[in-house]
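J.: I need the structure of the sequence given here:
(chains A, B and C)
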Amino acid sequence: MLGKKLAGVGAAVAVLGVLIGLYVAAWATSQPPTVAAVSAPASSGGNQLTLETVAAIGPKYSPSHPDWVSYLARRNGKWIHSTIYTVPANSIVHVTVYQYDGDTGLRNPFLSQVQGTVGGTVRIDGKTLSAINPEEASHTFVVPQLGVFVPLPGVPEEAKDQCEFAPCEGAAHRTIEFSFRTGAKGRYRWQCFVPCAAGFLNGLGGPMQTLGYMDGFLNVV
Amino acid sequence: MSTTAEAASAPEPTRRPLWRRLLGFNLLSAVILGVAGYYLGWFLGHQVNGGKSFEYMAKTDENDVALLLAYFFGVIGFLIGLGFANYPLSRLLGRPASLREKESHGISRYFGLCTDHKVVGIQYLVGIGVFFFVGGLNAMLIRTELLHPVPTFVGPNQYLSLVGMHGTMMMGMMTSGILGPFANYFVPIMIGSRRMAFPRIEALTFWLLMAAGFILISTIFFGGFPTGWTGYEPLNDQAVMGMDSYICFFALVGISMALLGLNMMATIMTMRAPGLTWSRLPIFVWSVYATAILMVLAAPMLIATLLMAALDRTVNTSFFIAGGGGSSYLFENLFWFFGHPEVYVLALPGFGIVLELLPVFTRKPLWGYRLAVSGMLGVTLLSFFVWQHHLFVSGINADLRPFYMLSTEIISIPTGFIFLCVMGTLWKARISFSVPMLFCLGWTFNFLIGGLSGVFLSDTPSDTDTHGSFFVMAHFHYTIMGGLVFTFFAAIYYWVPKMTGLRFNERLSKWHFWLMFISFNSTFMPLFVLGMEGMPRRVSTYAPNLQGLNVWVSISAFVLGFSMLIFLFNVVFSLIFVRARAQSNPWHSKSIEWQVPTPVPVNNFEQIPVFDSDPYDYGTPPHMGGAEPAAAGAGA
Amino acid sequence: MHPGNRTTHYGSRRSGCWSLIATPLVIFLLGPILPPGNGSEQASGKVTDNTVLLAMATPVLLLVLIYLIYSIIAFRQPKGGALEGPAIRGDSKLQTAWIVITSVLVLTLAVYGTVRLEAGYGAGSGSGPKPLTVPKGPKLPVQVIAQQWMFTYRYPTYGGVETPHLVLPEGEMIELHVTSIDVIHSFWAYQLGVKADANPDVDNVVFVKPTKLESFDVHCAELCGIWHGYMYDTGRVVTPSAFNVWIHEQQKRFAPATKVLPKYSTTYLPEPTRRGE
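T.: Predicted structure coming up:
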């Protein structure tokens, strides 16, 4: 009798354990979706990646963290909440970033200088620059393993019509364009270096440390 | 109001309806009140949203106050539901002091507040076993990820949480790994007492640990935590809400540890039966005593440190934040002041188990009893003077390093005493290779490797290259897993026949041991090499040329996990299905716990025994020359 | 007469023989390949230290292991037997000898370690803002700034230029100042035998003299968040003249960045420094 009771309890525990294990495995392996760069028009060659940065992702894309800053990527005309991008190896990648966030300022002003892009420059609203004012940095797109360091200046404070939640169409923004070359295949990581995670210690917690917001992977295939 | 004992033996004439039986202070009420407390705390925490100090919550979408309060009230509700508040309340209301009647029947006593130390021992064994497996599963996921040098399978955030959960769960649970199940069950019997000094506190330590375990697992709902088990600031402060689960878990573990140690000390010091002088105490009880001293002195430091970390995370104090005048060093020092005695809390019971079991399976008295005791006490004392060896390269005052190098080297001297006692007991012995003995021999090998690698780490120049690398991982897995966990299994195989009256399947047990021993060494020996080759800890990406070794380690780890499954199968098969009766003293031990009947009566002894010697009355005295077969079986 | 005396003697002779063969083997075969290699004076010193430690650990390991194996083979209970062993409870001479020998061994190691630590000016470890022993003569100061999740390097004697990669001149004594601007990191240059934690608002000084023209791996050795494992880099040790060329080229290249950098300091606390800002 006791044995049967124990067996029953044991079986229930085992089933529960397996279910919990599956749940944990699902949690452990969940990652944001991947967005691939598309072929750029013949005039520029290479591949095009279109990104935007927003001050607050909004409840539509992230019900649990609506106030977190985030990158988004465009796929087939729609903005996808993702930071995992696929680009081809040994080719040129053109990146266009629509910057909807205000400036925060770099903690290490060294990163205000552009490195690793084609020509060592970045085009901000049409103007070509090789460094920005570190106080105006809103985000960065840095791939340390490829030596690509691109600071992204923010929307000035007094600008009208600032974006509230993603997707930000038509609000005040800066258009930033740069290109870089990829080499061998691999999985590279990229991150933002500006302390844009408002409210967290050093501005470096939360979205700055979470895949899908301010950190991502660059799959070079 | 206390849960009434179920009438068990005779068929019950009138059985109360189910709903009446479920009402009362039991696990169901505990869970209900716990959840209610959780939501109460959550609600209260959200009331602070408007305050100026908490403006950051609007920007971060994180309310640490709510989660900490939720856990706090949840645990309070849980404990009230189990009935822990009843006695304090009744005393507050002026009712007289009373010793709670121990429940003697029914399986329901294992699922609630029971003041029978034997029930608490079994509760601990199952509870810790469950969380040990949870920690082990985390390890399997970690090793799966490490098959590839680039993150492939587990996301980088989740990987760090897995690493943290594995370490934290193991450290929190296994500190009570031997004291919880085996000291609680056997120390009163070994000292001739009917109970522990504080039976209700004993039960409390168990349930605190269970609540803590669930709190730690709940971290995955709050984003996990990125700091690993050491919880270093300021990363701790930067982290999202999942960090609060870690803080709460460890605080509860600290409270449980301190109370467990207190109970052990009080029991051993004051409740020994007549004739049981300190020099006749079983060596296992000595190891429990030494461990208890460490627990009582070190755990409060952890609780205070975590409180400070929680304050930093909620009300914006700056204990550990350099920008506000604090120091990250403060956390490191406070943590390791607890952390180093903590690892001796893990090691000492292992020493006790091995030295306790060896005489039984070598049929000789323990060699060097006083040396062993001084070794344990020496380790206890010295363990408070070595913690800065975790901080050798962190930029501490350079004057301190030679001192801590010296103290860390010196602590290997009392540890060496234990080895001499093991070797002395093996000298000219008559070794029978039962499964508990196999685990003890496995301990000897593993702890030897672990201890010697510690000598390398204690040397500051050498430590410069190995600190924070897989070499350290190998060292502490050899001493903690190869040490404590092996003796945990030795104790299980040795004492479960006494606790349950059932015996394990011999073949499955031997398979478990051999597979575990071989795969354990195959998993952790290469980690020394990986560390020396420059692989840092807690990474999911590594140099591609190290992939071969990592794959070998991962596959061995899977085999190690499989050996645990064999153990689980053994438990289910032997204890639930086959249920073969064990002999009353299968190991022919002369220790007192084997002289009482199985199952052990509720009050342990009919008459309090009188001791006249230590329990190591084995062997033929040397002057009689030649070994003679001793009288078989255990005498009363 | 103690019945165990003769066999104890025999046993210790056996272990002694094994140690006499194995220890030199270990020293000569394993010594040269022990980490961290010969990339710097400090690293070479540690190869020696590790060899000495290994040489002292080998006899201990062998003694215990051989004894264990011997006792498992020789001291068995015959199948189905119930024999008892001799009731020996101790041997004060053996215990005293053991205590004395282990204490001497351990104290020797502690003294040796201290001597080697200070002889190597910290042996490549981070010695805090005020190291005990400081090498005499000219030292090249290089600051290692650890941040989440990258190391950058500043050369105060070259205009405070900051570079993303570390290049060091061979044969010169380098004074590394390791600091962090956010959480605890650790600068680990494997081939140079250097490891120093980077704490915020702390200047952790390491002395290292590279002796080989090679590239070295830099890893972060203290968990610092999501990209801790990716916080690696490759540094180079070059000839002093090549270093000169390189540093001037870096000054030209990073002139715009140097203009906006804060003045060189051993610690930095850039905004934001607190929660909630």
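
J.: all contacts plus neighbour counts: C-alpha atoms, from now on.
T.: Fine.

J.: Could you list every helix and strand in contact with the helix or strand of chain A with the lowest mean pLDDT?
T.: One helix or strand of chain A scores below all others by mean pLDDT, DSSP states H and E: strand A:38-39, with a mean of 77. Contacts of strand A:38-39 with other secondary structure elements, assessed using 3 or more CA pairs under 8 Å, 6 or more residues apart in numbering or on different chains; DSSP states H and E, are made with strand A:47-54.

J.: For the strand it packs on, list the C-alpha coordinates in CSV.
T.: Extracted as CSV, the C-alpha positions of strand A:47-54 are listed here (Å, rounded to 0.1, in the frame of the first residue of the first chain):
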residue,chain,number,x,y,z
ASN,A,47,24.0,43.9,-49.3
GLN,A,48,21.7,46.2,-47.4
LEU,A,49,20.8,46.1,-43.8
THR,A,50,18.2,48.6,-42.6
LEU,A,51,18.0,49.2,-38.9
GLU,A,52,16.3,51.6,-36.5
THR,A,53,16.9,52.5,-32.9
VAL,A,54,14.1,53.6,-30.7
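
J.: what about residue B:553, neighbour count?
T.: The tally of other residues near residue B:553 (other CA atoms under 10 Å in any protein chain shown) stands at 24.

J.: Give the rounded mean pLDDT of the longest helix seen in chain B.
T.: Among all segments of chain B classified by DSSP state H, the helix with the greatest residue count is helix B:328-362. Confidence for helix B:328-362, expressed as mean pLDDT, is 96.

J.: Low-confidence ranges, the chain, go.
T.: With no chain named, the answer covers chain A. Per-residue confidence for chain A (pLDDT under 70) gives these ranges: A:1-3, A:40-44.

J.: To clarify, I was referring to chain C.
T.: Residues of chain C that meet the criterion pLDDT under 70 lie in C:1-15.

J.: if we can go back for a sec, go through the longest helix of chain B and flag the buried ones.
T.: For helix B:328-362, the buried set under the neighbour-count rule, 16 or more other CA atoms under 10 Å in any protein chain shown, comprises B:328-329, B:331-362.

J.: Next up, the contacts around the residue nearest the centre of chain C.
T.: Central residue check for chain C by CA atoms, centre = their mean: the C-alpha nearest the mean position is that of residue C:193, 6.2 Å away. Residues near residue C:193 by CA atoms under 8 Å, 6 or more residues apart in numbering or on different chains: B:464-465, C:36-37, C:39-40, C:42-43, C:46, C:123-124.

J.: Would you point out the most distant pair within those residues?
T.: Farthest-apart pair in these is B:464 and C:39; separation 14.7 Å (CA to CA).

J.: Counting neighbours, go ahead and name the busier of these two.
T.: When neighbours are counted by other CA under 10 Å, residue B:464 and residue C:39 differ, and residue B:464 comes out ahead with 27 against 23.

J.: Now that the more buried one has come up, it's in contact with residue B:393, right?
T.: Yes - the pair formed by residue B:464 and residue B:393 meets the contact definition of CA atoms under 8 Å, at 6.4 Å.

J.: what do the two both touch?
T.: Shared contacts of residue B:464 and residue B:393, defined by CA under 8 Å, 6+ apart, comprise C:125, C:195.

J.: can you tell if stretch B:318-337 touches chain A?
T.: No - for stretch B:318-337, no contact with chain A is found by CA under 8 Å from any CA of the partner chain; the gap never falls below 8.9 Å.

J.: Does that stretch reach chain C?
T.: Yes - Stretch B:318-337 lies in contact with chain C when judged by CA under 8 Å from any CA; the contacting residues are B:321-324, B:328-329.

J.: Just name the closest of those to chain C, please.
T.: Sorting the residues of stretch B:318-337 next to chain C by how near they are to chain C, with CA to the nearest CA, puts residue B:323 at the top with 4.8 Å.

J.: Okay, and residue 45 sits in which element?
T.: In the absence of a named chain, chain A is used. In this structure, residue A:45 sits in neither a helix nor a strand according to DSSP states H and E.

J.: my question was about chain B
T.: Residue B:45 belongs to helix B:27-46 when elements are defined using DSSP H and E.

J.: quick one: the helix or strand just after that helix near chain C?
T.: Next along the chain after helix B:27-46, taking DSSP H and E as the criterion, comes helix B:56-60. Yes - Helix B:56-60 comes into contact with chain C (CA under 8 Å from any CA), by way of residue B:56.

J.: for residue C:194, what are its contacts?
T.: Contacts here follow CA under 8 Å, 6+ apart; on that basis residue C:194 touches B:464-465, C:42-43, C:123-126, C:187-188, C:206, C:208.

J.: redo that, cut-off 10 Å
T.: Residue C:194 makes contact with B:393, B:461, B:464-465, C:36, C:40, C:42-43, C:122-126, C:176, C:186-188, C:206-208, C:218, according to CA atoms under 10 Å, 6 or more residues apart in numbering or on different chains.
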